[in-house]
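K.L.:
With the sequence up front, the predicted model follows.
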Amino acid sequence: MLFHVEMTVKLPTDMPGEVAAEIKAKEKAYAQALQQQGKWRHLWRIAGSYANVSIFDVDDNAELQDIIANLPLFPYMEISVKPLCRHPSSIRDDDS
Ligand SMILES: O=C(O)C[C@H]1C=CC(=O)O1
């Protein structure tokens with residue numbers, strides 16, 4: 001199942017720099033492991049903002065929830081989720 005997920009990061013302004021750096025390093029390792037597994041299919045920066053658009057390919061809603069809830073930055077992000085299905089005009093074979 002494919003999901004469009006938009007994440008906007010809102011770190012507290014008073015968070016010490018080294019704490020923020022540690023959380024971001026954990027987030028990067030977690031995100032890259034999920035990309036290696038094929039679960040986090042696309043990860044794009046939204047230009048001009050501390051936000052991303054991502055495409056997740058997961059087994060079900062519960063798996064997506066588990067992945068998102070375990071994001072190290074989860075407590076500091078606004079997240080929106082939209083389910084995706086194949087577009088009838090798509091010419092791509094790997095869109096399902
Ligand atoms: O920077 C972000 O967009 C937030 C988050 C998503 C992946 C990652 O490494 O950090």
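P.N.:
Everything's here; your move.
K.L.:
Now residue 10. Nearest residue, chain neighbours left out?
P.N.:
Nearest residue to residue 10, sequence neighbours excluded (Cβ to Cβ, 6 or more residues apart in numbering): residue 76, at 5.7 Å. In this view, the C-beta of every residue, glycine as well, is placed from N, C-alpha and C.
K.L.:
Tell me which helix or strand the one residue in the chain that gets nearest to the ligand sits in.
P.N.:
Closest approach between the chain and the ligand, counting by Cβ to the nearest ligand atom: residue 52, at 3.5 Å. Using DSSP states H and E, residue 52 sits in strand 51-57.
K.L.:
in the longest helix belonging to the chain, what's buried?
P.N.:
Across the chain, the longest stretch assigned as helix under DSSP state H is helix 17-36. Within helix 17-36, the residues scored as buried using 16 or more other Cβ atoms under 10 Å are 23, 27, 30, 31, 34.
K.L.:
and what of stretch 52-61?
P.N.:
Under 16+ other Cβ under 10 Å, the buried positions of stretch 52-61 are 52, 54, 56, 57, 58.
K.L.:
now swap in stretch 33-48 and tell me
P.N.:
By 16+ other Cβ under 10 Å, the buried positions in stretch 33-48 come out as 34, 40, 43.
K.L.:
could I have it exported to CSV, CA atoms only?
P.N.:
Provided in CSV are the C-alpha atoms of stretch 33-48 (Å, rounded to 0.1, in the frame of the first residue of the first chain):
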residue,chain,number,x,y,z
ALA,A,33,17.4,1.9,6.8
LEU,A,34,13.7,2.1,5.7
GLN,A,35,14.8,3.3,2.3
GLN,A,36,17.2,0.4,2.0
GLN,A,37,14.2,-1.9,2.9
GLY,A,38,12.1,-0.3,0.2
LYS,A,39,9.5,0.9,2.8
TRP,A,40,10.4,4.6,2.3
ARG,A,41,10.3,4.7,-1.5
HIS,A,42,10.7,8.5,-2.0
LEU,A,43,12.0,11.3,0.2
TRP,A,44,12.0,14.8,-1.2
ARG,A,45,12.8,18.1,0.5
ILE,A,46,10.1,20.8,0.0
ALA,A,47,12.3,23.6,-1.3
GLY,A,48,12.4,26.6,1.1
